[in-house]
Structure formats: C-alpha cells, structure tokens
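1. After the sequence you'll find the predicted model.
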Amino acid sequence: MNKNELVAKMAEKAGLKKTEAEKALKAFTETVAEELKNGEKIQLVGFGTFEVAERPAREGRNPRTGETMKIAASKSPKFKAGKALKDSLN
C-alpha cells in the first residue's frame, strides 16, 4: 500500500474528503518526527510505540579492504508493535 492508497482508505473509513485525510496523515507524520527529534517517545495504546534508538560509536571493518574504521554514533527511529496489533495479525 502506498501513500495515496492509505489516504483513500483513511478517507473512506473516517468519512472525510481525501484532502482532509491527507492533511491528517501529514500532521500525524510531522508530529511524530518532531517529537522523536526532541527525544520524546510516542505511545499509541493498542497500536504501538515510536521511539528513538541510540547507537553508540564503534569500530567496524571495511568489507572490501578489511581495514578498521570508526563508525560514528547515530540515532534511528524505532517502532515496537503493541499487543493488540500483534494479536490482530494472528
């Protein structure tokens, strides 16, 4: 499912126009991104949790040359599905 299909499905289920559903989806994704950037965690009970995973700096190897190199610390978004979402799939 791509973004357009998701917007159409949201509009149908919520009884909204597609433009309204698209605005709602955009507001949701922007809000999640802003809060994660600020180090916050977003919990949607029954659906899941969005949070930031911090990866420490480490040493790695270049697979082509075998030379050791430093890999910088980084942050990445992480989603953990909630129990209700997991149960709905089984």
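-> Done, it's in.
2. Buried residues in the lengthiest helix in the chain, which are they?
-> Scanning the chain for the helix with the most residues, using DSSP state H, yields helix 18-37. Buried residues in helix 18-37, defined by neighbour count with 16 or more other Cβ atoms under 10 Å: 21-22, 32, 36. Glycine gets a C-beta too; all of them are placed from N, C-alpha and C.
3. Could I get those residues in TSV, plus columns for distance to Glu51?
-> What follows is these, written out as TSV (distance: Cβ to Cβ, whole Å):
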residue	distance to Glu51
Ala21	26
Glu22	26
Val32	10
Leu36	7
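4. Going by distance to Ile42, which of these wins?
-> Of all the buried residues of helix 18-37, Val32 has the smallest distance to Ile42: 5.8 Å, by Cβ to Cβ.
5. quick one: Gly15 and Ala21, what's the gap?
-> 10 Å (Cβ to Cβ, to the nearest Å).
6. Tell me if I'm right that Ala84 and Leu44 touch.
-> No. At 9.9 Å, Ala84 does not count as touching Leu44 under the criterion of Cβ atoms under 8 Å.
7. which residues sit against the helix or strand containing Ala11?
-> Taking DSSP states H and E as the criterion, Ala11 maps to helix 3-14. By Cβ atoms under 8 Å, 6 or more residues apart in numbering, the list of residues contacting helix 3-14 from outside reads 1, 16-18, 20-22, 24-25.
8. at 6 Å instead, please
-> 18, 21-22, 25 (Cβ atoms under 6 Å, 6 or more residues apart in numbering).
9. returning to that earlier point: and the angle from the longest helix of the chain to helix 3-14?
-> 110 degrees (axes from the mean of the first three to the mean of the last three Cα atoms, to 10 degrees).
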